[in-house]
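Chemist: Fold the following, please.
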Amino acid sequence: MVSPFFWLGNATGHDFQYHAASWLDAAGQWKEGIVYPRWTEWANFGFGEPRFVFYPPISWILGAAMGSVLPWNSVPIVYIVLVETFAGLSAFVLARRVLSEKAALFSVACYAANPYALLIVYMRSDFAELLANAFFPLLFFLALQICWMLESPTLPERPSSYRAIACFAALFAAVWLSNAPAGVIASYSSFAVFCFAALTRRSWQPLVRGAAALALGFGLAGFYLVPAAYEQRWVNIGQALSTGLLPSENFLYTVINDPEHTLFNWIASSIAVLLMVLTALASLGAPRDEQDRQDALHNRVWLTLLLLAGLATVLMLRFTSILWVLLPKLRFVQFPWRWMSLLAVVFAVFLGNAMGRKLWGWVWAVVTFALIGGTAVVLVERGWWDTEDIPALREALAKGEGFDGTDEYDPTGDDHTNIPTKSPEAAALDTDSTPGPNSMPKIHVDRWSPEDKEVSVSSREGFFLALRLLNYPAWRAEVNGAAVTPQRGDDFSQMIVPVPAGESHVRVRFTRTRDRTLGGSISLASLLLVVWLGARRWRAGHEQESGRGAA
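Modeler: Take a look at the predicted model:
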């Protein structure tokens with residue numbers, strides 16, 4: 001998968017600069033002593049934005065950590081290798097429980113290099129979604145365990161359920177903390193598995209255990225989810241569903257008045273159809289009766305995977321558009337073809353099962369690898385390759401120029417398209433609507449860190465101090481120790497602080513808001529519950545072993 005990177009440079013897909021900029025910004029804030037950044041310092045050309053409040057943290061933390069110890073241009077390659085290696089291990093855990101070892105290894109190859117992963121790597125560069133998808137096979141393995149479809153032969157059901165609930169919650173939280181659209185997909189698909197198990201078993205227990213696991217997972221991710229949900233009112237979050245990002249414009253083979261968008265949509269749609277066709281053909285090798293169990297899928301697992309494949313398929317088709325409007329938060333998946341992330345799990349397991357069968361297994365292997373290889377060649381040729389994107393970003397940060405901001409994270413009332421690309425950290429405001437002071441004040445920047453700005457001012461008359469900073473409710477402005485209410489600029493929401501005559505000390509700090517405190521408390525309580533469930537499972541297993549020893 002990464003071999004083209006060695007002679008073509010980095011695949012700079014749609015989201016490459018966004019992720020690379022986030023890695024560089026986070027790594028820079030670590031050097032300032034900020035362990036968990038919330039405000040992206042260099043977005044909007046140094047005026048900043050609350051990107052790290054809303055964008056899930058694991059991917060940018062991982063990228064920043066790699067960049068802190070590796071050459072920055074090699075970070076995308078290492079990132080992809082590590083994530084897809086983990087994706088293969090995740091797929092092996094699921095496949096090995098239902099397939100033979102040889103078939104499971106084939107499933108690993110099919111999942112780690114599945115056509116949708118290739119699309120993400122070569123044309124989208126959505127490193128966060130790539131990471132979230134790596135958790136999916138393991139997540140559904142645990143969902144099946146919660147429903148007692150993969151009972152452990154060595155442990156009683158109750159301790160196994162506790163362990164599965166705790167592990168599922170941790171994996172479910174990891175998906176949400178990697179990529180929010182993937183979190184929405186994981187939520188709906190997991191709930192579908194629990195409902196299906198409850199119906200087929202004619203018992204509420206799978207649904208109750210599944211709901212508890214989902215709630216616990218949301219709790220673990222509360223430190224991110226609560227602030228992201230609460231503070232949406234402070235930004236233009238509706239821009240996440242602007243033109244080109246609406247589900248109605250991204251169903252399979254949709255044509256809009258944007259040739260580049262339409263071309264990419266058709267490429268994604270063709271890959272989706274390839275996954276659908278191969279999955280459907282491989283499903284013909286499903287076990288037909290209870291006697292066909294060795295090296296094959298258990299019937300209940302097989303039906304559950306078929307359900308997931310069907311769910312992923314129909315939600316990519318236009319006739320389900322009403323569901324995208326009615327179901328909560330589903331529209332924030334944005335692109336219906338993102339459901340390929342779920343279909344790819346079933347695709348890998350079904351193809352592993354088909355290859356593992358004695359008759360025609362080798363044909364499946366040859367055809368599958370040929371189609372995956374052909375898809376990779378096409379995507380490499382269609383992609384954009386460059387070696388200068390990360391060096392250019394680093395140079396912009398070194399010069400204090402920063403990078404462009406994000407529409408949906410722009411504070412309410414701001415138009416970040418009007419933000420100047422070069423601006424001093426602090427200066428006297430002088431505009432037609434707000435004339436500057438008659439005599440120039442002395443302004444000295446004492447401290448300018450990502451979350452703390454201090455400026456000393458000496459002036460013969462009062463004036464307005466314009467800071468290179470956007471207004472956001474989490475910022476607290478003080479003049480000589482007293483809180484003041486900042487004003488906004490005329491063209492964009494620049495923070496403007498009124499300063500009296502004489503000697504003044506202006507300080508602006510990014511404070512901990514109540515929603516962040518609440519979210520952290522929920523995560524801590526959920527973590528303690530997970531530890532308690534794990535300890536309870538350990539005690540049960542220890543008592544069982546003690547009983548065997550006494551016997």
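
Chemist: okay, CA-based contacts and neighbour counts for the rest of this
Modeler: Will do.

Chemist: Low-confidence regions, the stretch 451-551 of the chain specifically.
Modeler: 537-551 (pLDDT under 70).

Chemist: Please tell me how far Cys167 sits from Leu216.
Modeler: 10 Å (C-alpha to C-alpha, to the nearest Å).

Chemist: do the same with Thr513
Modeler: Taking C-alpha to C-alpha, one finds Thr513 at 23 Å from Leu216.

Chemist: which of those two has more neighbours?
Modeler: More crowded of Thr513 and Leu216, by other C-alpha atoms under 10 Å: Leu216, with 26 against 13.

Chemist: that's a helix at Ile496, yeah?
Modeler: No. Counting by DSSP: H, G, I helix; E, B strand; the rest coil, Ile496 is not part of a helix but strand.

Chemist: any idea how far it is from Asp415?
Modeler: From Ile496 over to Asp415 (counting by C-alpha to C-alpha), the distance is 16 Å.

Chemist: Kindly report the same for Arg516.
Modeler: With distances taken as C-alpha to C-alpha, Arg516 is found 26 Å from Asp415.

Chemist: Tell me which stretches of the chain form strands.
Modeler: 10-11, 385-386, 426-428, 442-449, 452-459, 463-470, 475-479, 482-484, 487-488, 494-499, 502-510 (DSSP state E).

Chemist: so what strands line up beside the first one?
Modeler: The strands that strand 10-11 pairs with in its sheet are strand 385-386 (antiparallel) (by DSSP bridges).

Chemist: So for the partner strand, mean pLDDT?
Modeler: Over the span of strand 385-386, the pLDDT mean works out to 93.

Chemist: now the stretch 151-300 of the chain, which segments are flagged as low pLDDT?
Modeler: Applying pLDDT under 70 to the stretch 151-300 of the chain flags the ranges 151-160, 285-298.

Chemist: Go again with 50.
Modeler: Flagging of the stretch 151-300 of the chain using pLDDT under 50 yields the residue ranges 152-159, 288-297.

Chemist: returning to what we had before: so for Arg516 and Asp415, which residue has more residues nearby?
Modeler: For Arg516 and Asp415, the more surrounded residue by other C-alpha under 10 Å is Arg516, and the numbers stand at 21 against 14.

Chemist: How about the more buried one: what's its closest non-neighbour residue?
Modeler: Among residues not flanking Arg516 along the chain, Pro227 sits closest, at 5.4 Å (C-alpha to C-alpha, 6 or more residues apart in numbering).

Chemist: wait, what's in contact with the one you found?
Modeler: By C-alpha atoms under 8 Å, 6 or more residues apart in numbering, the residues touching Pro227 are 53-54, 515-516, 519.

Chemist: Could you pull up the residues touching the residue lying closest to Ala312 once chain neighbours are set aside?
Modeler: Leaving out its chain neighbours, the residue that sits closest to Ala312 by C-alpha to C-alpha, 6+ apart is Trp339, at 5.2 Å. Counting by C-alpha under 8 Å, 6+ apart, Trp339 touches 185, 312-313, 315-316.

Chemist: What's the PyMOL syntax to select whichever of these are buried?
Modeler: Per 16 or more other C-alpha atoms under 10 Å, the buried members of those correspond to this PyMOL selection:
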select buried, resi 185+312+313+315+316
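
Chemist: of all the contacts of Trp339, which comes closest to Gly481?
Modeler: Set against Gly481, the nearest of these by C-alpha to C-alpha is Ile185 (47.5 Å).

Chemist: any idea how far Glu401 is from the residue lying closest to the closest one once chain neighbours are set aside?
Modeler: Leaving aside its sequence neighbours, Ile185 sits nearest to Trp339 (C-alpha to C-alpha, 6+ apart; 7.1 Å). As judged by C-alpha to C-alpha, Trp339 and Glu401 stand 38 Å apart.

Chemist: Likewise for Leu518?
Modeler: 35 Å.

Chemist: Looking at the two, which one has more neighbours?
Modeler: More crowded of Leu518 and Glu401, by other C-alpha under 10 Å: Glu401, with 20 against 15.

Chemist: That one touches Gly46, doesn't it?
Modeler: Yes. Counting by C-alpha atoms under 8 Å, Glu401 does reach Gly46; the two are 6.5 Å apart.

Chemist: before we move on, the earlier item: which pLDDT value goes with the residue nearest to Ala312?
Modeler: Value for Trp339, per-residue pLDDT: 98.

Chemist: same thing with the one 4 residues further on?
Modeler: For Leu343, the model assigns a pLDDT of 98.

Chemist: Return the distance of it relative to Leu305.
Modeler: For Leu343 relative to Leu305 (C-alpha to C-alpha), the value is 9 Å.

Chemist: Ok, Ile496 next?
Modeler: Note on Ile496: its distance to Leu305, by C-alpha to C-alpha, is 57 Å.

Chemist: Likewise for Leu284?
Modeler: On the measure of C-alpha to C-alpha, Leu284 and Leu305 end up 13 Å apart.

Chemist: So those two - more neighbours on which side?
Modeler: Set side by side, Leu284 and Leu305 show more neighbours around Leu305, with 23 against 11, by other C-alpha under 10 Å.

Chemist: Need the nearest residue in space to the more buried one, chain neighbours excluded.
Modeler: Val346 (5.9 Å).

Chemist: neighbours of that neighbour, just the number please.
Modeler: Residues near Val346, counting by other C-alpha under 10 Å, number 30.

Chemist: Test my guess that it contacts Leu303.
Modeler: No. Judged on C-alpha under 8 Å, Val346 makes no contact with Leu303 at a distance of 10.9 Å.

Chemist: residues touching Pro389, list them.
Modeler: For the record, residue 389 is Asp, not Pro. Asp389 touches 12, 17, counting by C-alpha under 8 Å, 6+ apart.

Chemist: gap between the residue nearest the centre of the chain and Ala482?
Modeler: The centroid of the chain falls nearest to Asn179 when counting by C-alpha atoms, centre = their mean (1.4 Å). According to C-alpha to C-alpha, Asn179 stands 40 Å off from Ala482.

Chemist: again, but for Phe223
Modeler: 30 Å.

Chemist: The two: which has the busier surroundings?
Modeler: Here Phe223 and Ala482 are compared on neighbour count by other C-alpha under 10 Å; more neighbours surround Phe223, at 22 against 9.

Chemist: Look up how far Val53 lies from that one.
Modeler: 10 Å.
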